[in-house]
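Undergrad: coordinates only, no sequence provided:
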């Protein structure tokens, strides 16, 4: 399904979050609020929160934590006064590890003691790629980014384990190398690709068909292009399927929380937070 993000490219994050809260925007957020970082979401009952935090720390490339939200669903570090239960276009509810429903408002599910995690998103580095003249295919084609469960396993913590999920972008070999060099400098938003290569060698990463992603939508792949796979913040959703908590709320893949932090400042901001 194609959708048009043009009206929202130069809006402020608070303006777009308001439109999401009002139900005007219920589609993927890639390319919205140019310059600002976007985030994935996981909300868990308290008895699972410590294990999930450890899982994220052990798997920093697919799961870089931007903020942990406790007490109320309101965020502070990533957007003062924003709400993780209303300010994302679509949510997914998992019950006992099974995806049961998709919603546009998760307020009814937040209970006392619940903990929310905002996790870094590859949409944050796409702006840097576009600035260098690299075609980011899912944005060009108005689609949700294709995401795949790959043959790389995460480091388990408590009940959380499973395959890494990677977002895929087709590029010319020259652009893929440029993209590698750019994203290697951004470890807090997934870092460099874990694999790049031609379609014929996809079995090396455990992917059967590049046109059948596990999440998101397929994009066109042109002759002579190679595929680049980045660690993806949807990885926790695969881990949730294995952990089977009674209830988990996540963002729907591609439907992100837009933060008030600039992409250009995110890495330094997070490095400073680690030193506190």
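TA: Okay, I see it. None of these values were measured; they are calculated from a predicted model.

Undergrad: now the residue nearest to residue 4 when sequence neighbours are not counted: how far from residue 3?
TA: Counting by C-beta to C-beta, 6 or more residues apart in numbering, residue 4 lies nearest to residue 142, which is 6.8 Å off, once chain neighbours are set aside. Where C-beta positions appear, they are placed from N, C-alpha and C, glycine not excepted. Residue 142 is 6 Å from residue 3, where distance means C-beta to C-beta, to the nearest Å.

Undergrad: more neighbours: these two, which one.
TA: Neighbours per residue (other C-beta atoms under 10 Å) separate residue 142 from residue 3, with residue 142 holding more: 17 against 12.

Undergrad: wait, is the more buried one part of a helix?
TA: No: the assignment for residue 142, made by DSSP: H, G, I helix; E, B strand; the rest coil, is coil rather than a helix.

Undergrad: and residue 160, its phi and psi?
TA: With angles defined as degrees, to the nearest 10, residue 160 sits at phi -90, psi 120.

Undergrad: in the sheet, who's paired with it?
TA: In this entry, residue 160 is beta-bridged to residue 157, by DSSP bridges.

Undergrad: surely it touches residue 52?
TA: Yes: judged on C-beta atoms under 8 Å, residue 160 makes contact with residue 52 at a distance of 5.9 Å.

Undergrad: overlap in contacts, these two.
TA: Residues touching both residue 160 and residue 52 by C-beta atoms under 8 Å, 6 or more residues apart in numbering: residue 236.

Undergrad: how far away is the residue nearest to residue 4 from residue 219?
TA: Taking C-beta to C-beta, one finds residue 142 at 10 Å from residue 219.

Undergrad: please apply the same query to residue 102.
TA: Per C-beta to C-beta, residue 102 is found 22 Å from residue 219.

Undergrad: ditto for residue 90
TA: 20 Å.

Undergrad: does the residue nearest to residue 76 when sequence neighbours are not counted sit in a helix, a strand or a coil?
TA: On the basis of C-beta to C-beta, 6+ apart, the spatially nearest residue to residue 76 that is not a chain neighbour turns out to be residue 67, at 7.4 Å. Classification of residue 67 using three-state DSSP returns strand.

Undergrad: what does residue 211 give?
TA: Classified using three-state DSSP, residue 211 is coil.

Undergrad: could I get the pLDDT score of it?
TA: Looking at residue 211, its pLDDT reads 97.

Undergrad: burial of it, as a residue count?
TA: Residue 211 has 12 neighbours, counted by other C-beta under 10 Å.

Undergrad: one more: residue 65?
TA: Residue 65, neighbours per other C-beta under 10 Å, totals 19.

Undergrad: and it, what does it touch?
TA: Neighbouring residues of residue 65 by C-beta under 8 Å, 6+ apart: 53, 56-57, 117-120.

Undergrad: how close does it get to residue 129?
TA: From residue 65 to residue 129 the distance is 23 Å (C-beta to C-beta).

Undergrad: and the contacts of residue 65, which of them are in strands?
TA: 117-120 (DSSP state E).

Undergrad: wait, which of those residues is closest to residue 96?
TA: Each of the ones in strands among the contacts of residue 65 was scored against residue 96 by C-beta to C-beta, and residue 117 proved nearest at 19.8 Å.
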